[in-house]
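Visitor: here is the input, now give the coordinates:
(chains A and B)
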Protein chains: 2
Amino acid sequence: MLTGGNCIIGQSGGPTVAINASLSGVLEGVLESKAYGSVFGMINGIEGLLQGTCLNLSEKFPTKESLEVLKTTPAMYLGSCRFKLPSSEEREDLYVKLFEFFKQNDIRTFFYIGGNDSMDTVLKLSSYAKSHNIPMNILGIPKTIDNDLAVTDHTPGFGSAAKYIATTLLEVAHDAYIYNSPSVTIVEIMGRNAGWLTASSALCKNEYFNGPDLIYLPEISFCKEEFIKDLKEIQKERKNIIVAVSEGIRNKDGQLCGAGKALENIVKESIDCKVRSIELNVLQRASSHLASLTDLDEAVLVGKEAVKQALLGSSAKMMGYKRISSSPYQIEVCSYDIADIANKEKVIPREWINEKGNHVTNDFITYALPLIQGEVRPTFIQGMPNYAPIPHLQ
Amino acid sequence: MLTGGNCIIGQSGGPTVAINASLSGVLEGVLESKAYGSVFGMINGIEGLLQGTCLNLSEKFPTKESLEVLKTTPAMYLGSCRFKLPSSEEREDLYVKLFEFFKQNDIRTFFYIGGNDSMDTVLKLSSYAKSHNIPMNILGIPKTIDNDLAVTDHTPGFGSAAKYIATTLLEVAHDAYIYNSPSVTIVEIMGRNAGWLTASSALCKNEYFNGPDLIYLPEISFCKEEFIKDLKEIQKERKNIIVAVSEGIRNKDGQLCGAGKALENIVKESIDCKVRSIELNVLQRASSHLASLTDLDEAVLVGKEAVKQALLGSSAKMMGYKRISSSPYQIEVCSYDIADIANKEKVIPREWINEKGNHVTNDFITYALPLIQGEVRPTFIQGMPNYAPIPHLQ
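Guide: Residues are numbered from 1 along each chain as shown, chains lettered A, B, ... in the order given. Just a heads-up that it's a prediction; the model follows:
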């Protein structure tokens, strides 16, 4: 069992509202373990580390209490990068530089929180360490609002984004239904290749509102003519139509369709009624003021599990969730071989999408509903959320 | 003093998250007064009423407790209309029809919650009643996120929208600052002629973030060249720039500039860096999950004050707020002659905008900060907000 020494942690890829909760989970795990010296934080991920930017997180967050504000802070406290680490065959100098830095600073454990590309970094670094007999634990912690990572039941960050999307859709519906004249409201949601977020709009169904009338996902090729037909059919039943559409919808030839604005224009050309499109944009991944308690609690747990795995001597693993049961909802936090995860993408199973390809089935609801349960939000000071500062600005 | 009989209430114009709080204030005031029979609700405002659509609110909300869910429900429980009531000279038949309906249903008090156009309806109906010796109390209750009504210190709905905008801006900043490369993020905010909402983005200033770097308001004519100059100046100091822009900015000839997307294109043409624009769209007026407690409490108070004024025999009045002090914040709810309000628009005073016309001064902050204090949000059931249903859907 490899313990002692220092460890380092980085964040990479696009932000979520849960990624700082995982960071705080690692820090909490380290504090509880009493097995490490300092925890260093890479500023701007592996790319920043290669330029030598790094801070001492143990000094910034010396106690469990100091971590509370971090848990509910959006985006990435440590900053991010979009950097695909080249292979060691291509650029061995980078690997030499990194492992030299680890050695000099007695860093024996490396945690990386991120999505697909970040897991690729974990895979490459751990393979290099292994082949060079460097005794380090190199571990991945998942995060992505897109929920498209393989193996794990879901990803930290997805539940909060889904909760924001479903809540916003319900509020948009209240807004859309106030006028007694026909309208089509199109809401564009993130997800280039996987429709998990767009599908989550269906979670806003309640006793008076059925949720979006139509849901278009990247998993199903989009057909303009079918869309107009669907709309006209629904217009026979109700005046106000809500459409949820993924940014990644493509036509049968695989070309991107343009999502919200494009659908707005299709409606304008074909149907005589008020039409508008709303792009949820970065708000769906940054709105810490409306996070899922389940998501944030689990995000802390995967961080703590990573520390536990490091203390057990694991490497080349990504933490993840295994679902035991949906009702009652129960998961186990566990670790998976990184080679099964890196560079793979998980899309919605076809059977969770209805036959016509314009809505989801109850199986999807059963899967996703537990993930948006519970509310957590930042404390507010003088009317505004109290977040951990953006370190580069200090 | 005219008491007894029934009363009727309607909502009109664009939605806010506080307009149902004012509706619940009226209903609470009526319950407390014990002076009325039933309260009727117009479905889709005066336009719906002319078509005879109306419901019995006293049956729907029989107790104070039943009103709680209404207070935090977004948009308009009764639905809205965008209908400018013609003058009685043009269409006396409409007036005859309305007052005949009031007479038949023993309706002696009429409340209308809305913005400019709605106050025009209140003015016209009360003038008609007066000139025809119809003993009715016809009263206006303000609402508009735009905060552009004359006489009143501010409008119900503005504080919550301002809180949403400032919070979202802070979250967008956390998102924008994660990468170590230059970027410009443009946030488009509502307000065609008055910049109150866009100016509120400045409220997100805190100890680590200065708020938007640039704020462009409809009160000041927009100049593309100045914008680029401003950006280049700020880029010398920091990598990530946040711009708040009103949908209503115009050039010196008074032509609309196109706001977010237009500014995004200007940056793309002139500066080599990542640029994106985010439109807050209807979310800024519908997000009851993030409302200002001050705003919602005051919105209830103006509703109750309207009942009080009706019982005192007032007519042709709009309720409003008079500010006694900003620090400590103190207001009085009072009533104003509707003739001083209808069809007028209040913009930001020039001295609350900085000399260059690209930001606000501390006077604006002093004015607006008290309005976003305190948090209130709906109860959540199974992970989703519990709102009052949309009646047309029931």
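Visitor: excluding chain neighbours, what is closest to A:Ser288?
Guide: A:Pro74 (3.9 Å; Cβ to Cβ, 6 or more residues apart in numbering or on different chains). Where C-beta positions appear, they are placed from N, C-alpha and C, glycine not excepted.
Visitor: ok, the residue found closest to A:Glu375 once you drop the neighbours it is linked to in the chain - how many residues close by?
Guide: Closest residue to A:Glu375 apart from its sequence neighbours, by Cβ to Cβ, 6+ apart: B:Phe380 at 5.3 Å. Using other Cβ atoms under 10 Å in any protein chain shown, B:Phe380 is surrounded by 18 other residues.
Visitor: B:Phe380 pairs with what?
Guide: B:Pro385 (DSSP bridges).
Visitor: hmm, it is touching B:Tyr387, no?
Guide: No. Counting by Cβ atoms under 8 Å, B:Phe380 stays clear of B:Tyr387, with 10.5 Å between them.
Visitor: ok so, going back, how many residues are close by the residue nearest to A:Ser288?
Guide: Neighbours of A:Pro74 using other Cβ under 10 Å come to 30.
Visitor: so the helix or strand encompassing A:Arg285, near chain B or not?
Guide: Following DSSP states H and E, one finds A:Arg285 within helix A:283-286. Yes. Shown here: helix A:283-286 in contact with chain B (Cβ under 8 Å from any Cβ of the partner chain) through A:Leu283, A:Arg285, A:Ala286.
Visitor: just among these, which is most surrounded?
Guide: Going by other Cβ under 10 Å, A:Arg285 tops the residues of helix A:283-286 next to chain B with 27 neighbours.
Visitor: so what's it closest to, chain neighbours aside?
Guide: A:Ile145 (4.8 Å).
Visitor: need the phi and psi values for the one you found.
Guide: Main-chain torsions, A:Ile145, degrees, to the nearest 10: phi -60, psi -20.
Visitor: show me what contacts it?
Guide: Neighbouring residues of A:Ile145 by Cβ atoms under 8 Å, 6 or more residues apart in numbering or on different chains: A:Gly14, A:Thr16, A:Thr155, A:Gly157, A:Phe158, A:Ser160, A:Ala161, A:Met190, A:Leu197, A:Gln284, A:Arg285.
Visitor: of these, which pair is most distant in space?
Guide: A:Thr155 and A:Gln284 (14.4 Å; Cβ to Cβ).
Visitor: these two: who's more crowded?
Guide: A:Thr155 (28 against 23).
Visitor: would you mind listing the residues in contact with that one?
Guide: A:Gly115, A:Pro142, A:Lys143, A:Thr144, A:Ile145, A:Asp146, A:Asn147, A:Asp148, A:Leu149.
Visitor: doesn't A:Phe111 fall inside a strand?
Guide: Yes. When classified by DSSP: H, G, I helix; E, B strand; the rest coil, A:Phe111 is found to be part of a strand.
Visitor: doesn't A:Ile9 make contact with it?
Guide: Yes. Using Cβ under 8 Å, A:Phe111 is in contact with A:Ile9, at 4.2 Å.
Visitor: give me the common contacts of the two.
Guide: In terms of Cβ under 8 Å, 6+ apart, A:Phe111 and A:Ile9 are both contacted by the residues A:Val26.
Visitor: who has more neighbours, the two?
Guide: A:Phe111 (30 against 24).
Visitor: please report how far the more buried one lies from A:Gly25.
Guide: 10 Å (Cβ to Cβ, to the nearest Å).
Visitor: same question for A:Lys60.
Guide: A:Lys60 is 16 Å from A:Gly25, where distance means Cβ to Cβ.
Visitor: so between those two, which is more surrounded?
Guide: The residue with more neighbours, out of A:Lys60 and A:Gly25, is A:Gly25; 32 against 17, by other Cβ under 10 Å.
Visitor: up against chain B, what does the stretch 101-250 of chain A have?
Guide: Within reach of chain B by Cβ under 8 Å from any Cβ, the stretch 101-250 of chain A has these residues: A:163, A:166-168, A:170-175, A:177-180, A:203-204, A:206-209.
Visitor: for ChimeraX, write the selection for the buried entries among the residues you listed.
Guide: To isolate the buried subset of these in ChimeraX, counting by 16 or more other Cβ atoms under 10 Å in any protein chain shown, use the following:
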select /A:163,166,167,168,170,171,172,173,174,175,177,178,179,180,203,204,206,209
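Visitor: quick one: the strands in the stretch 251-394 of chain A?
Guide: Here the stretch 251-394 of chain A has its strands, by DSSP state E, counting those that start in this stretch, at A:274-279, A:291-292, A:317-326, A:329-337, A:375-376, A:380-381, A:384-385.
Visitor: point out where the stretch 251-394 of chain A drops to low pLDDT.
Guide: Where the stretch 251-394 of chain A drops to pLDDT under 70, the residues are A:392-394.
Visitor: for chain B, what are the nearby residues on it?
Guide: Going by Cβ under 8 Å from any Cβ, the residues of the stretch 251-394 of chain A near chain B are A:276, A:278-279, A:281-283, A:285-290, A:292, A:369, A:372-375, A:380, A:382-385, A:387, A:389-390, A:392-394.
Visitor: show me where chain A has its helices.
Guide: Under the criterion DSSP state H, helices of chain A are mapped to A:19-33, A:45-50, A:57-60, A:68-71, A:92-104, A:116-131, A:158-176, A:196-199, A:224-235, A:259-270, A:283-286, A:293-311, A:362-368.
Visitor: which positions in the fourth one come out as buried?
Guide: Within helix A:68-71, the residues that qualify as buried by neighbour count (16+ other Cβ under 10 Å) are A:Val69, A:Leu70, A:Lys71.
Visitor: can you narrow these down to the ones near chain B?
Guide: Okay, of the buried residues of helix A:68-71, nothing touches chain B (Cβ under 8 Å from any Cβ).
Visitor: would JSON lines of the residues you listed with pLDDT be doable?
Guide: Below are the buried residues of helix A:68-71 laid out as JSON lines (pLDDT from 0 to 100):
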{"residue": "A:Val69", "pLDDT": "96"}
{"residue": "A:Leu70", "pLDDT": "96"}
{"residue": "A:Lys71", "pLDDT": "97"}
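Visitor: against A:Lys274, how distant is A:Val35?
Guide: One correction, residue A:35 is Ala, not Val. Plainly put, A:Ala35 is 62 Å away from A:Lys274 if you go by Cβ to Cβ.
Visitor: hmm, back to that, out of the residues of helix A:283-286 next to chain B, which is nearest to B:Val39?
Guide: Closest to B:Val39, out of all of these and judged by Cβ to Cβ, is A:Leu283, at 37.2 Å.
Visitor: OK, contacts around that closest one?
Guide: Here A:Leu283 is in contact with A:Tyr164, A:Thr168, B:Thr168, B:Glu171, B:Val172, B:Ile278, B:Leu283 (Cβ under 8 Å, 6+ apart).
Visitor: and A:Gly254, how many neighbours?
Guide: Counted with other Cβ under 10 Å, A:Gly254 comes out at 7.
Visitor: and if you look at the one 3 residues further on?
Guide: When neighbours are counted by other Cβ under 10 Å, A:Cys257 registers 21.
Visitor: wait, it sits on A:Phe222?
Guide: Yes. Counting by Cβ under 8 Å, A:Phe222 is a contact partner of A:Cys257 at 5.1 Å.
Visitor: shared neighbours, those two?
Guide: With Cβ under 8 Å, 6+ apart, A:Cys257 and A:Phe222 have common neighbours A:Ile249, A:Arg250, A:Asn251.
Visitor: how close does the second one get to chain B?
Guide: Which is A:Arg250. 22 Å (Cβ to the nearest Cβ, to the nearest Å).
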